[in-house]
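Trainee: got a predicted model here, sequence first, then my questions.
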There are 2 protein chains.
Amino acid sequence: MNEYRTAPAEARRIACIGAGVIGGGWVAHFLARGYEVTAWDPASDAETALRALVDAAWPALTRLGLADGASRDNLTVAATLQEAVRHAEFVQESVPEDLELKRDVLARIDAATPAGVVVSSSTSGYGMTEMQQRCATPERLVVGHPFNPPYLVPLVEVVGGERTEQRAVAWAAEFFEVAGKQVITMDREVPGFIANRLQEAIWREALHMVAEGEATVEQIDTSITQGPGLRWPLLGPCLTFHLAGGQGGMAHMLDHFGPSLKSPWTRLEAPDLTDELRDQMVAGCESAAQGRSIEDLVAARDQGIIAVMEAMNEVRGSQR
Amino acid sequence: MNEYRTAPAEARRIACIGAGVIGGGWVAHFLARGYEVTAWDPASDAETALRALVDAAWPALTRLGLADGASRDNLTVAATLQEAVRHAEFVQESVPEDLELKRDVLARIDAATPAGVVVSSSTSGYGMTEMQQRCATPERLVVGHPFNPPYLVPLVEVVGGERTEQRAVAWAAEFFEVAGKQVITMDREVPGFIANRLQEAIWREALHMVAEGEATVEQIDTSITQGPGLRWPLLGPCLTFHLAGGQGGMAHMLDHFGPSLKSPWTRLEAPDLTDELRDQMVAGCESAAQGRSIEDLVAARDQGIIAVMEAMNEVRGSQR
């Protein structure tokens, strides 16, 4: 690719290919951020379902604050994939999670999209290297993996494949930031990226527990919503355990609870807690703490948990 | 045990054995709920550290609302374990996570605690069966596993050992409910109980990622706080995926994404997705949904995420 057609901050016309739960969620997000969106989906009732999804999301998006000029009228549903991408300045693909289908659709998108336009895939777990194989200009294809619902959850994981240009990854990361997302740019392909590896571990453990009769679906969900789930909006799993170590932080935690990594608390085998890994975790937590003391972090965590509990009480109260 | 000395709703005097991060957190919780607490810890500076922890927690507890008569003056620090439990109507043990130590301390507590009083252990992962071996009256010993900080996070997992009476489990569950906790009573011992199995799976996956250089500590934490962590205070992992299935719910999710259980998204092997497991997950989600349609749940989730995001914005703003 010679040049990218538009600067990330100037792209206005977005094509969304695939308009199910995720693709439709992207459509709602981009409309709310003031973009012009052209969508395409092969399903016969796609337009009706898509407009219903956008309508259902709109009150939430309005409450969060619409961008200037944001309107549901800026949505066009195209009759063909080619028509959808013809004038696009950015393309987001969200077709079902099937490798052959992804390869095929991405090749068709690549063939029909103007040169100099980045194409991003919502895939939850495939690497771009395996998806871009049939594309004529694979260098502009990236993964831009959102979380459900994409119009609310900020995170997007951005990563290229072996044949992706670094410039395309950087373009996409900047574009998503401008479009209101929180971006993690990964410098290598990992199956499931970061967040899905983590949440998939929880999910598989939950399936094991149900399969073995160790817990019910409701007990599993309650154990998260009334337990560790209250901490995770403010502190991720690493800083959470940094605080479990008391004044000694992550170092004390690992030295003290390290042996429990040998316990059968999950079906997932732990890695060896080498000195190197220990030191990386400690240094990572120090860095993430950004100079805040354990006391500061405990106070922040407590304030966060209270705020979440109060918010949940309000939400549950209003839903009764 | 012939009779329980006190009805769960009438117990007022609590002994807390071990007063570190978890034991001290229990002390703060019980004080805030209006109980009289006697604590004991062998550390030489235990009383200073404990009172500092309670003082640090008190503003949060005050904001959440103290029970009638709640006061930090209701805390006594005893000189010996025996003195701490002598008049107790309920005992919560929170010594460090070491099986030999737990066995020893629980036997000492059991020997010194009046007959007819339930003794509960905060252990994060040991089964009561292996901890109660040296106790003269093992039938009154239960696990009552809290989450950090115990004065804020509602969840307590309650389970007995092989030699625990069912009545003791029921007594403890009722007592914790009265004391303001959210209780999951398990009918069998599982290493790590429920929530710790789930969060330990995330934690081990995170350690693998850092060990392999796939993600940094900060990327891992951000991927949760800006991603799935925003959904978990309202919807646990099962109902979250129920919604990922669109109108088809969990059934569609499993039928559609089931094959990805074979993908290397985590180091944790998934169980076989048998028809039986599929049906259990679907039925569990239907039950947990309590008659709410997918639309209702989506609206509730969106409202929850917005409330959490707004709460986090406020907390982060006030901490700058």
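Mentor: Okay, I see it. Numbers count the residues shown, from 1 in each chain, chains lettered A, B, ... in the order given.
Trainee: going forward, measure contacts between C-alpha atoms and count neighbours the same way
Mentor: Noted.
Trainee: any stretches of the stretch 201-320 of chain A with poor pLDDT?
Mentor: Within the stretch 201-320 of chain A, the ranges that satisfy pLDDT under 70 run A:319-320.
Trainee: where do the strands sit along it?
Mentor: With DSSP state E, counting those that start in this stretch, there are no strands along the stretch 201-320 of chain A.
Trainee: ok, which stretches of it are helices?
Mentor: For the stretch 201-320 of chain A, the helices defined by DSSP state H, counting those that start in this stretch cover A:217-225, A:237-244, A:249-257, A:275-289, A:294-319.
Trainee: mind putting those into JSON lines with distance to chain B and mean neighbour count?
Mentor: Formatted as JSON lines, the helices of the stretch 201-320 of chain A follow (distance: least, Cα to the nearest Cα, whole Å; neighbours: other Cα atoms under 10 Å in any protein chain shown):
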{"stretch": "helix A:217-225", "distance to chain B": "4", "mean neighbour count": "24"}
{"stretch": "helix A:237-244", "distance to chain B": "6", "mean neighbour count": "24"}
{"stretch": "helix A:249-257", "distance to chain B": "8", "mean neighbour count": "19"}
{"stretch": "helix A:275-289", "distance to chain B": "5", "mean neighbour count": "17"}
{"stretch": "helix A:294-319", "distance to chain B": "6", "mean neighbour count": "19"}
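Trainee: chain B versus residue A:261, what's the distance?
Mentor: As judged by Cα to the nearest Cα, to the nearest Å, residue A:261 and chain B stand 8 Å apart.
Trainee: what's the local residue count around that residue?
Mentor: Residues near residue A:261, counting by other Cα atoms under 10 Å in any protein chain shown, number 19.
Trainee: redo the helices of the stretch 201-320 of chain A as a markdown table? Include distance to residue A:265.
Mentor: Shown next, in a markdown table, are those (distance: least, Cα to Cα, whole Å):
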| stretch | distance to residue A:265 |
| --- | --- |
| helix A:217-225 | 15 |
| helix A:237-244 | 16 |
| helix A:249-257 | 12 |
| helix A:275-289 | 20 |
| helix A:294-319 | 25 |
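Trainee: how about these, which one is nearest residue B:224?
Mentor: Ranking those by proximity to residue B:224 (Cα to Cα) places helix A:237-244 first, at 7.7 Å.
Trainee: can you tell me the closest non-neighbouring residue to residue A:176?
Mentor: Once flanking residues are discounted, residue A:176 sits nearest to residue A:183: 6.9 Å by Cα to Cα, 6 or more residues apart in numbering or on different chains.
Trainee: partners of that neighbour in the sheet?
Mentor: Taking DSSP bridges, one finds residue A:156 as the beta-bridge partners of residue A:183.
Trainee: flag every residue of the stretch 51-200 of chain A that's near chain B.
Mentor: A:56, A:60, A:64, A:97, A:125, A:147-148, A:152-155, A:182, A:184, A:186, A:188, A:190-200 (Cα under 8 Å from any Cα of the partner chain).
Trainee: quick one, helices of the stretch 1-150 of chain A?
Mentor: Ranges of helices in the stretch 1-150 of chain A, per DSSP H, counting those that start in this stretch, are A:21-32, A:46-64, A:81-85, A:99-112, A:128-131.
Trainee: so which bits of the third one are buried?
Mentor: So that's helix A:81-85. Neighbour counts using 16 or more other Cα atoms under 10 Å in any protein chain shown place A:81, A:82, A:83, A:84, A:85 of helix A:81-85 among the buried residues.
Trainee: other SSEs contacting it?
Mentor: strand A:13-17, strand A:36-40, helix A:99-112 (3 or more Cα pairs under 8 Å, 6 or more residues apart in numbering or on different chains; DSSP states H and E).
Trainee: how about residues contacting that helix?
Mentor: Here helix A:81-85 makes contact (Cα atoms under 8 Å, 6 or more residues apart in numbering or on different chains) with A:15-17, A:38-41, A:77-78, A:91, A:108-109, A:112-114.
Trainee: thinking again about what came up before, could you dump the helices of the stretch 1-150 of chain A to TSV with distance to residue B:160 and mean pLDDT?
Mentor: Converted to TSV, the helices of the stretch 1-150 of chain A look like this (distance: least, Cα to Cα, whole Å; pLDDT from 0 to 100):
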stretch	distance to residue B:160	mean pLDDT
helix A:21-32	43	97
helix A:46-64	45	93
helix A:81-85	60	98
helix A:99-112	47	97
helix A:128-131	49	97
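Trainee: please identify the most buried of the ones you listed.
Mentor: helix A:21-32 (a mean of 27; mean count of other Cα atoms under 10 Å in any protein chain shown).
Trainee: export that helix as PDB, just CAs?
Mentor: Presented in PDB, the C-alpha positions along helix A:21-32 are these (Å, rounded to 0.1, in the frame of the first residue of the first chain):
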ATOM      1  CA  VAL A  21     -25.000  -8.800  17.700                       C
ATOM      2  CA  ILE A  22     -21.400  -7.600  17.300                       C
ATOM      3  CA  GLY A  23     -21.600  -6.000  13.800                       C
ATOM      4  CA  GLY A  24     -24.800  -4.300  14.800                       C
ATOM      5  CA  GLY A  25     -23.200  -3.100  18.000                       C
ATOM      6  CA  TRP A  26     -20.400  -1.500  16.000                       C
ATOM      7  CA  VAL A  27     -22.900   0.200  13.800                       C
ATOM      8  CA  ALA A  28     -24.600   1.700  16.900                       C
ATOM      9  CA  HIS A  29     -21.200   2.800  18.300                       C
ATOM     10  CA  PHE A  30     -20.100   4.500  15.100                       C
ATOM     11  CA  LEU A  31     -23.500   6.200  14.600                       C
ATOM     12  CA  ALA A  32     -23.300   7.500  18.100                       C
END
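Trainee: just want the angle from it to strand A:13-17.
Mentor: Helix A:21-32 runs at 170 degrees relative to strand A:13-17, counting by axes from the mean of the first three to the mean of the last three Cα atoms, to 10 degrees.
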